[in-house]
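Trainee: Here is a sequence together with a model predicted from it:
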Amino acid sequence: MIGVVATLKVKPGMEREFEAVARELVAKVNANEPGCRLYALHRREDAGDTPVYVFMERYVDQAAVEAHRATEYFKTLGRKMGEYMEGRAEVVRLREVE
């Protein structure tokens, strides 16, 4: 299994707009990607004035990660989320210890 933790800082005041787009992405991934076993959005409660969100993701293999990134909805909604973000996402990739 491959894990991905993506941390995104959102412009203050843009939380509602960001969450609407992010929830749409979560729904599409969970409905259409059998190789993705977890795709969930969380909001950090200890982030201070800048809203911080974390996507927690889990994929069966690298092919599932690549299939996710290749979807049109990921590309489109990712660009849309970028409008509400402060800077780029911080992405950490993990491999499960078996």
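Mentor: Happy to help now that I have it.

Trainee: What segments of the protein are helices?
Mentor: 15-32, 62-70, 72-82 (DSSP state H).

Trainee: Tell me who's in contact with the residue nearest the centre of the chain.
Mentor: For the chain, the residue nearest the mean C-alpha position is residue 55 (3.9 Å; CA atoms, centre = their mean). By CB atoms under 8 Å, 6 or more residues apart in numbering, residue 55 lies in contact with 4-6, 8, 22, 39-42. C-beta here means a position set from N, CA and C on the backbone, and glycine is covered the same way.

Trainee: Name whatever forms a beta bridge with it.
Mentor: residue 6, residue 41 (DSSP bridges).

Trainee: returning to that earlier point: out of the contacts of residue 55, which are buried?
Mentor: Neighbour-count burial within these applies to 4, 8, 22, 39, 41; the criterion is 16 or more other CB atoms under 10 Å.

Trainee: Number of residues surrounding residue 3?
Mentor: Neighbourhood size, residue 3 [other CB atoms under 10 Å]: 15.

Trainee: Need the nearest residue in space to it, chain neighbours excluded.
Mentor: residue 94 (3.7 Å; CB to CB, 6 or more residues apart in numbering).
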